[in-house]
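K.L.:
sequence and predicted structure, then a few things I'm wondering about:
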Amino acid sequence: MLNELPAPLHLVTGGFNADALLKKGMTLLDDQTIDFNGGKARILRISQSANGTLYLKETLIFGDSTKAVMVNGIYPEKNKASEPDIRKAVLSVKYDENSKVDPFDAVNFSVSAEGTGFKFAASMGGSIMYTPTGKISPEQPIFVAGNSISKVEVTNRKQFIINRLKNLPNTQSTEIKEVNAITIDGLEGFEITASDASSQENIYQVILFSETNDYYIMVGNTKENNSESRAAFKKIVLTFKRK
């Protein structure tokens, strides 16, 4: 999985230290600086649990002052014997700056930010991101939409979205304000509004469930306590359509 972020490399790599990753529920197991693609790169090994399964990630990060490129190879910890092959595959990546790729091909749905003041910022890990400036920075609101990477059998959908919210980064002291049922593009789900005192973030999250045990997740985060960003988040959510 390869993702390109429109942010300086030093800003992106700054978030990949042991403490920062731990706050996101990940453990840094190994971190090396290597020669790659005519420059320097970091290759990390990270562990993370998801849906009761422990996964390992081989993560390669490189770039320059205008962008960061991240390549992930993910595999269950029980298949640890495949680690050398996964790392070899990650390091075999050839990056061509001149190639043209449609970032919206990475997702099997569409959303529109027209009339919200938000602009497309990046595509990463099967998700698309929007911000007011079209650049990613921690100071401004961000809207992220993506789909599940694996099938999940959910028996209590309302509790699932609450638990999913509490697994987001920097939500240690989240206060849930409201949870409502919602239907978009024929898919049923829930929308949840919350705030977190420790990170001073206001969160709007929607999860829509498919009939094949997949789900779509859309999250808006802002540190601005105003209704404008929240209205923009919901306006984008309501444009959701499957391709």
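P.N.:
Here it is on my side, so go on.

K.L.:
contacts only, for residue 147.
P.N.:
If you count contacts by CB atoms under 8 Å, 6 or more residues apart in numbering, residue 147 has them with 107, 108, 109, 126, 214, 215, 216, 217. (Each C-beta comes from the backbone N, C-alpha and C, glycine too.)

K.L.:
which residues sit in contact with the nearest residue to the fifth one once chain neighbours are set aside?
P.N.:
Distances taken as CB to CB, 6 or more residues apart in numbering place residue 148 nearest to residue 214, at 5.2 Å, with adjacent residues excluded. Shown in contact with residue 148 (CB under 8 Å, 6+ apart): 214, 215, 216, 217.

K.L.:
let me know the closest of those residues to residue 162.
P.N.:
Closest approach between those and residue 162, by CB to CB: residue 217, at 13.1 Å.

K.L.:
quick one, phi psi at residue 36?
P.N.:
Phi and psi for residue 36, reported as degrees, to the nearest 10, are phi -160, psi 130.

K.L.:
try residue 235
P.N.:
When quoted as degrees, to the nearest 10, the phi and psi of residue 235 stand at phi -60, psi -40.

K.L.:
now the helices for the protein?
P.N.:
Using DSSP state H, the helices of the chain run over 9-13, 18-23, 83-91, 157-166, 227-237.

K.L.:
nearest to residue 47, out of those helices?
P.N.:
For those, the distance to residue 47 is smallest for helix 18-23, at 9.5 Å, taking CB to CB.

K.L.:
mind giving me the packing neighbours of the closest one?
P.N.:
Helices and strands touching helix 18-23, as assessed by 3 or more CB pairs under 8 Å, 6 or more residues apart in numbering; DSSP states H and E, comprise strand 26-36.

K.L.:
please spell out which residues along the strand it packs on are buried.
P.N.:
By 16 or more other CB atoms under 10 Å, the buried positions in strand 26-36 come out as 26, 28, 36.

K.L.:
and the angle from it to helix 83-91?
P.N.:
Inter-element angle recorded for strand 26-36 and helix 83-91: 60 degrees (by axes from the mean of the first three to the mean of the last three CA atoms, to 10 degrees).
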